[in-house]
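[1] pasted the sequence and its predicted model underneath.
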Amino acid sequence: MPVLSISYVNYRNLQNATIDLLSKEVYFVGENGQGKSNLLESVYYSAYGNSFRTHSDSEIIREGEKAFSIKTLYREESESTDSLFFSYENGKKRIEKNGKRIQDRKELINTMPCVLFCHDDLDFAVGEPEHRRFFIDQSLSMYDVLYIDVLRRYKRVLKSRNQMLKDAQYDTLDVYDAQLMQNGLEIQKKRRNAIFQFNQIFGKLYQEITGIDGVIISYEPSWKFVDNQIPSVESVMQTLLQKREVDKIMQTTMTGPHRDKIRFVRNGANFVPNASTGQRRLIALLLRVAQAIFYTQITQKKPVLLMDDVLLELDPDKRQSVTAHLPEYDQLFCTFLPGEPYERYKHITTRVYAIEKGVWHEQQ
């Protein structure tokens with residue numbers, strides 16, 4: 001199993017103790033506000049060095065304390081046991097792998113890949129375009145360190161270019177345009193390839209569960225493709241030059257991958273506006289299923305699945321169908337309310353922990 005145990009010190013409301021997670025499936029059961037999501041968050045934090053619930057590590061520290069830490073033991077494919085240590089104090093984060101300091105969170109990639117299912121995933125269906133761009137970027141960043149680098153470079157250049165526009169310092173825009181173009185074209189290329197592969201997975205899943213066929217993910221890049229080909233350097237530079245006067249007026253960059261659009265379409269029409277609430281929720285849920293399948297197809301590795309109360313929102317038939325369509329996983333963590341029929345999903349080896357006020361007790 002990837003995650004063997006996690007030890008906590010002042011992590012949110014969780015007790016300062018070690019939880020044994022040696023099982024293929026682990027269920028956390030408890031009322032809202034007792035610590036189920038905190039346990040799930042700590043697994044995610046161990047995988048990526050950040051939280052899916054906050055951008056500020058200071059919010060993770062237990063009230064009244066000044067620092068927190070967690071230590072995670074996990075098993076590599078080679079069957080060796082390794083450790084990860086995370087601490088945060090006085091505004092500084094420290095990450096260690098087997099006692100060695102890690103300077104960049106991207107070094108954690110492929111250590112313990114997790115796919116998270118949570119309520120906020122609905123934004124992928126109904127939210128602003130940046131949510132769908134984030135999803136595709138996250139899917140690529142799960143395994144592609146080079147993509148992380150190019151995305152970071154693009155964001156740095158974009159931030160600097162926008163600042164130049166705000167300050168009306170236009171003499172360096174040619175330099176920034178060249179850098180924006182170089183990194184932006186690579187982003188568009190990788191996004192297009194990823195969405196093509198996603199469409200081989202997502203549409204089939206959606207049809208099998210809802211009976212609605214032909215729902216696909218449409219990619220509409222800001223720098224338009226010509227005959228389905230990535231645009232040339234010359235055409236992108238021309239576009240940036242043509243838009244420059246508008247950029248000056250708006251004091252921001254109006255064209256580039258940060259303005260790409262990703263939609264869900266059926267028969268050429270936007271699908272989401274006329275979809276039911278249940279159909280929209282299934283889009284978000286099945287995107288995560290597709291993300292796990294996509295990761296396995298690319299890397300030949302099975303991910304860890306983290307499911308935070310997401311099955312609650314489905315009717316019993318859909319819940320059973322989604323559960324049956326979950327991809328192969330290395331480990332599965334789920335949260336449930338006490339009244340949910342989680343027994344019907346568990347296996348003989350499934351560990352079930354009851355959570356109350358941050359304290360866990362294993363159920364037999």
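    Okay, I see it. Residues are numbered from 1 along each chain as shown.
[2] by residue count, which helix of this structure is the longest?
    With secondary structure taken from DSSP state H, the chain has its longest helix at helix 173-210.
[3] what residues of the following helix or strand past it count as buried?
    Next helix or strand after helix 173-210 toward the C-terminus (DSSP states H and E): strand 215-220. Buried positions in strand 215-220, judged by neighbour count with 16 or more other Cβ atoms under 10 Å: V215, I216, I217, Y219. (Glycine included, C-beta is placed from N, CA and C.)
[4] stretch 224-244 now?
    Per 16+ other Cβ under 10 Å, stretch 224-244 contains these buried residues: I230, P231, V236, M237, T239, L240, K243, R244.
[5] again, but for stretch 10-27
    So, applying 16+ other Cβ under 10 Å, buried residues of stretch 10-27: N10, Y11, R12, L14, I19, L21, S23, E25, V26, Y27.
[6] parallel or antiparallel, which strands does the strand or helix carrying the last one pair with?
    Taking DSSP H and E as the definition, one finds Y27 inside strand 25-29. Strand 25-29 has these partner strands in its sheet, going by DSSP bridges: strand 331-336 (parallel), strand 351-356 (parallel).
[7] got a list of contacts for the last one?
    Residues from elsewhere that reach strand 351-356, judged by Cβ atoms under 8 Å, 6 or more residues apart in numbering: 19-23, 25-31, 34-36, 39, 342, 346, 360-363.
[8] mind listing which of these are in helices?
    K36, L39.
[9] what is the neighbour count of P316?
    Around P316 there are 10 other residues, counting by other Cβ atoms under 10 Å.
[10] could you measure it against P341, distance?
    8 Å (Cβ to Cβ, to the nearest Å).
[11] again with Q300
    Q300 is 34 Å from P341, by Cβ to Cβ.
[12] and the two? which has more neighbours close in?
    Of the pair Q300 and P341, P341 is the one with more neighbours under other Cβ under 10 Å, namely 10 against 7.
[13] list the contacts of that one.
    So P341 contacts nothing (Cβ under 8 Å, 6+ apart).
[14] can you show me the helices along this protein?
    Using DSSP H, helices in the chain cover 36-48, 123-126, 129-141, 145-166, 173-210, 233-242, 244-250, 277-299, 316-324.
[15] quick one: which of the buried residues of strand 215-220 is nearest E76?
    Nearest to E76 among the buried residues of strand 215-220: I217, at 33.6 Å, using Cβ to Cβ.
[16] pretty sure that closest one sits against Q197.
    No - using Cβ atoms under 8 Å, I217 makes no contact with Q197, being 10.3 Å away.
[17] just checking, which helix or strand of the chain averages the lowest pLDDT?
    helix 316-324 (a mean of 78; mean pLDDT, DSSP states H and E).
[18] what comes up buried for the longest helix of the chain?
    Counting neighbours by 16+ other Cβ under 10 Å, helix 173-210 gives 173, 176-177, 179-181, 183-188, 190-192, 194-195, 197-199, 201-203, 205-206, 209-210 as buried.
[19] low-confidence ranges, the protein, go.
    By pLDDT under 70, the low-scoring segments of the chain are 1, 78.
[20] residue nearest the centroid of it?
    Q138 (5.0 Å; Cα atoms, centre = their mean).
[21] state the distance from that residue to E128.
    16 Å.
[22] equivalent analysis for R152, please.
    22 Å.
[23] between those two, point out the one with more neighbours.
    Higher neighbour count among R152 and E128: R152, with 13 against 9, using other Cβ under 10 Å.
[24] wait, what's in contact with the more buried one?
    Per Cβ under 8 Å, 6+ apart, neighbours of R152: none.
[25] make it 10 Å
    Neighbour list for R152: D104, K106, N183 [criterion: Cβ atoms under 10 Å, 6 or more residues apart in numbering].
[26] which one is the last one nearest to, not counting chain neighbours?
    Nearest residue to N183 in three dimensions, chain neighbours excluded: Y154, at 4.0 Å (Cβ to Cβ, 6 or more residues apart in numbering).
[27] how much space between the one you found and L180?
    7 Å.
[28] what touches both of the two?
    Common neighbours of Y154 and L180, using Cβ under 10 Å, 6+ apart, are G256, P257, H258.
[29] the last one contacts L158, doesn't it?
    Yes - the pair formed by H258 and L158 meets the contact definition of Cβ atoms under 10 Å, at 6.1 Å.
[30] joint contacts of the two?
    With Cβ under 10 Å, 6+ apart, H258 and L158 have common neighbours L180, G184, T252.
[31] so which of those residues is the closest to S5?
    For those, the nearest to S5 is G184 (43.0 Å; Cβ to Cβ).
[32] now for the nearest residue to Y342 once chain neighbours are set aside, how many residues are close by?
    Spatial nearest neighbour of Y342, excluding adjacent residues (Cβ to Cβ, 6+ apart): F336 at 4.4 Å. Neighbourhood size, F336 [other Cβ under 10 Å]: 20.
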